[in-house]
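**Q** Quick one, fold the following:
(one chain, ligands or ions: 1)
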Amino acid sequence: MLRRAGAAALALTVPYWLPRTVVALRVKVFARINGPEGVVVPNAEVDPERFTELYEHPAASGRSKGAALSDLFWYWLSPGPEVHQEHLEPGPRYDAVARTTTAILAGTSAELSAAAARRTAEVLDELVPGEAALVRLRDLMMPVWAEFFYELVFREPCPAYARGLIVANAEDVINSLKNTRLRHMRRRERLTRYLLRRLAAGDVPHALPPELASARDRAHYLQGTFFNTAVVQMSEAMAHLLLVLAAEPGIQRRLAEHPYDDRDLSNVMNETLRLYPLFGIAHRITDADIDLGGGAHYPAGTVLCFDYPAYHATGYTDPGTFDPDRWNHLSAKHAHHIPFGVAGNRPCPAWRLAPLIMRAATREVLARFTLHTGVSHTRSIPHRAPALLVRRDRPLPPYRIAAVRLLLRVRDRWEDVGRSVLQLVLGTWMVLDARRQRPTERWFAAHDTQGCPLTGTSTARETPGGDGRCPYPH
Ligand code: HEM
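**A** Sure thing, here's the model as predicted:
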């Protein structure tokens, strides 16, 4: 009898202990497969006060070459990881690509906000036409940003066909990164082929850098930066922000009543990105010795792993509490707050644009709907932020909203059980596959850091001219 009661209690409490156990196991398995690599900062030698000093050190400049960790990122961000701005080694090619990204993202605040508001309004009216809907906030935001970034790249409205390709590509990347699905390269390659056709037709009205040697490199650059990173990051950031608002009705009401109180909304965004930074870890490979004193000595070739959540949890009172009002007394510039990276070492090129368009999109959501949820909220947000949207002018009775919140909570708990096991299995498979393929190591065995084939390698012999000369001017 007692044994049966124990078994029943164990089964019923599965959602409370199994996901956590599986996540811990996943971390151990990944560490085992990847082997010991990297110095995680902050640590005993580099305390949080010296975190940015190390991050911004001129020798912390390598991006891909020499770190097994890079294989994983290249694997998940394929195709074309070798021309993704995030992965390029410093040098003229990186400079040219970074300049191009900045030029494509340029625009006045008014223009960019208006474009984001238009795209959000249209997508919401199309996808949530009724008085209420159960949605996954990340999925709802994907088409918004697909259309927005298509417009920035092509300077024309986004056709439905292209939106479908972009969303399929971005979802595939982020789902595989979260280990909830395997990679589907065919889905991603459909977008590459589309971009190649548009480039060949002369439809891209921006000058793309000659350092991107082939049409395929140029297509991969557009795909990686604008139709993968931009769409994924904006959708994730909005999913976090809207989920926070769904869980905090008081803050949501305040923002809906004062939609143009930018200070209040900025405080909420700062606090959301502090608690749920989109990057868990950003890594750099040192190209010379770094000695900061106090035992912080890192020889050339060290892989430094900058831990965002750990850094964001230092220097605050009650760091685990969600408290947007703390930003009334803090300056984001001087706090331990780097949601867009550090100014001195390759910060996010969208650090100005992203908050602007997030504010515009949030206003559109709050103008139409009240948001409700009962689900958990973690930095990796693998559940894609389930929530109930209810038309503001057609409210539901409170008991129905309470019932839906309860349903969401219970469903979330049980989904978490299956998902955590799935993530363990798929994650392990992909980490092993990335280790087997070693995309970064293989690339740098045949190319220099500027993408030029190394003389004497088969890649060099296969390039036009066949003599190993770099096919683009540099
Ligand atoms: C709220 C949204 C976003 C957040 C929080 C965010 C965050 C970040 C962070 C922390 C980094 C630096 C990582 C490092 O030090 O290695 C970064 C880099 C980058 N981000 Fe974003 N990002 C966002 C949106 C975007 C968008 C919209 C784009 C569009 C193009 C973008 C493109 C990039 C690129 C290309 C890099 C690499 C920069 C380089 O190495 O030069 N991000 N992002």
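**Q** which residues in the stretch 101-250 of the chain form strands?
**A** Secondary structure of the stretch 101-250 of the chain (DSSP state E, counting those that start in this stretch): strands at 132-136.
**Q** how about the residues of the stretch 201-350 of the chain near the ligand?
**A** 225-226, 229-230, 233-234, 237, 273, 278-279, 282, 339-341, 346-350 (C-beta under 6 Å from any ligand atom). In short, each C-beta sits where N, CA and C put it, glycine included.
**Q** I'd like to know which of the residues you listed are part of helices.
**A** Mapping those onto helices (DSSP state H) picks out Ala230, Gln233, Met234, Ala237, Leu273.
**Q** so how many other residues sit close to the closest residue in space to the last one that isn't next to it in sequence?
**A** Right, the one you point to is Leu273. Among residues not flanking Leu273 along the chain, Pro339 sits closest, at 3.7 Å (C-beta to C-beta, 6 or more residues apart in numbering). Pro339: 21 surrounding residues under other C-beta atoms under 10 Å.
**Q** Equivalent analysis for Glu53, please.
**A** Glu53: 15 neighbours (other C-beta under 10 Å).
**Q** try Ala117
**A** Count around Ala117 with other C-beta under 10 Å applied: 18.
**Q** mind checking how far stretch 370-389 is from the chain centre?
**A** Here stretch 370-389 is found 17 Å from its chain centre; the criterion is C-alpha atoms, centre = their mean, to the nearest Å.
**Q** Need the CA coordinates for it. CSV is fine.
**A** Only the C-alpha atoms of stretch 370-389 are listed here, as CSV (Å, rounded to 0.1, in the frame of the first residue of the first chain):
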residue,chain,number,x,y,z
THR,A,370,-4.6,41.8,-23.0
LEU,A,371,-2.1,38.9,-22.5
HIS,A,372,-2.4,36.1,-19.9
THR,A,373,-0.2,33.1,-19.1
GLY,A,374,0.6,30.6,-16.4
VAL,A,375,3.7,29.1,-17.8
SER,A,376,7.3,29.0,-16.5
HIS,A,377,9.8,31.5,-17.8
THR,A,378,13.5,30.5,-18.3
ARG,A,379,16.3,32.1,-20.3
SER,A,380,16.3,29.4,-23.0
ILE,A,381,12.4,29.6,-23.3
PRO,A,382,12.1,26.3,-25.2
HIS,A,383,8.3,26.4,-24.9
ARG,A,384,8.1,29.4,-27.3
ALA,A,385,6.1,31.4,-24.7
PRO,A,386,2.5,30.1,-24.7
ALA,A,387,-0.1,32.8,-23.8
LEU,A,388,-3.7,33.7,-24.2
LEU,A,389,-4.4,36.9,-26.2
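**Q** Buried ones in it, by neighbour count?
**A** Going by neighbour count (16 or more other C-beta atoms under 10 Å), the buried part of stretch 370-389 is 370-375, 377, 381-389.
**Q** Just the ones of those residues in strands?
**A** In strands, defined here by DSSP state E, the members of those are Thr370, Leu371, His372, Pro386, Ala387, Leu388, Leu389.
**Q** hmm, back to that, list just the nearest of the ones in helices among the residues of the stretch 201-350 of the chain next to the ligand to Ile401.
**A** When those are compared for distance to Ile401 (C-beta to C-beta), Ala237 wins out at 25.7 Å.
**Q** Now do the same contact list for that closest one.
**A** By C-beta atoms under 8 Å, 6 or more residues apart in numbering, the residues touching Ala237 are Leu273, Leu278, Ala354, Met358.
**Q** Please repeat the previous calculation with a cut-off of 10 Å.
**A** If you count contacts by C-beta atoms under 10 Å, 6 or more residues apart in numbering, Ala237 has them with 138, 141, 145, 269, 272-273, 276-278, 339, 350, 354-355, 357-358, 361.
**Q** How about Leu134?
**A** Counting by C-beta under 10 Å, 6+ apart, the residues that Leu134 touches are His372, Pro386, Ala387, Leu388, Leu389, Val404, Leu407, Leu408, Arg411.
**Q** What is the most widely separated pair among those?
**A** Across the contacts of Leu134, no pair lies farther apart than Leu389 and Arg411, at 16.5 Å, counting by C-beta to C-beta.
**Q** Of all the helices and strands in this protein, which has the lowest average confidence?
**A** Least confident helix or strand, the chain: helix 458-462 with a mean of 52, by mean pLDDT, DSSP states H and E.
**Q** Throw the ones in strands among the buried residues of stretch 370-389 into a markdown table and include distance to Gly315 and pLDDT, thanks.
**A** A markdown table is the format used below for those (distance: C-beta to C-beta, whole Å; pLDDT from 0 to 100):
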| residue | distance to Gly315 | pLDDT |
| --- | --- | --- |
| Thr370 | 34 | 98 |
| Leu371 | 31 | 98 |
| His372 | 33 | 98 |
| Pro386 | 33 | 98 |
| Ala387 | 31 | 98 |
| Leu388 | 36 | 98 |
| Leu389 | 36 | 98 |
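**Q** Tell me the one of those residues nearest Asp262?
**A** Distances from Asp262 to these, taken by C-beta to C-beta, are shortest for Leu371, at 19.8 Å.
**Q** does the closest one really touch Ala239, like I thought?
**A** No - the pair Leu371 / Ala239 is not scored as a contact, 11.5 Å apart, by C-beta atoms under 10 Å.
**Q** Give me the local confidence score for the residue nearest in space to the middle of the chain.
**A** Nearest to the geometric centre of the chain sits Gln233, at 3.9 Å (C-alpha atoms, centre = their mean). Note on Gln233: pLDDT of 98.
**Q** excluding its backbone neighbours, what's nearest it?
**A** Leu278 (5.8 Å).
**Q** again with Ile281
**A** Cys305 (4.8 Å).
**Q** avg pLDDT for the helix or strand harbouring that neighbour?
**A** Using DSSP states H and E, Cys305 sits within strand 303-307. The predicted model gives strand 303-307 an average pLDDT of 91.
**Q** Ala98: how many residues sit nearby?
**A** By other C-beta under 10 Å, neighbour count at Ala98 equals 17.
**Q** In this structure Val342 contacts Thr52, no?
**A** Yes - assessed by C-beta under 10 Å, Val342 is found in contact with Thr52 at 5.3 Å.
**Q** who touches both of those two?
**A** Joint contacts of Val342 and Thr52 (C-beta under 10 Å, 6+ apart) are Phe306.
**Q** tell me the helices in the stretch 101-250 of the chain, going along the chain?
**A** 109-127, 137-154, 160-177, 185-200, 215-224, 230-247, 249-257 (DSSP state H, counting those that start in this stretch).
**Q** Ser61 is nearest to which of those helices?
**A** Set against Ser61 and scored by C-beta to C-beta, these come closest in helix 215-224, at 20.4 Å.
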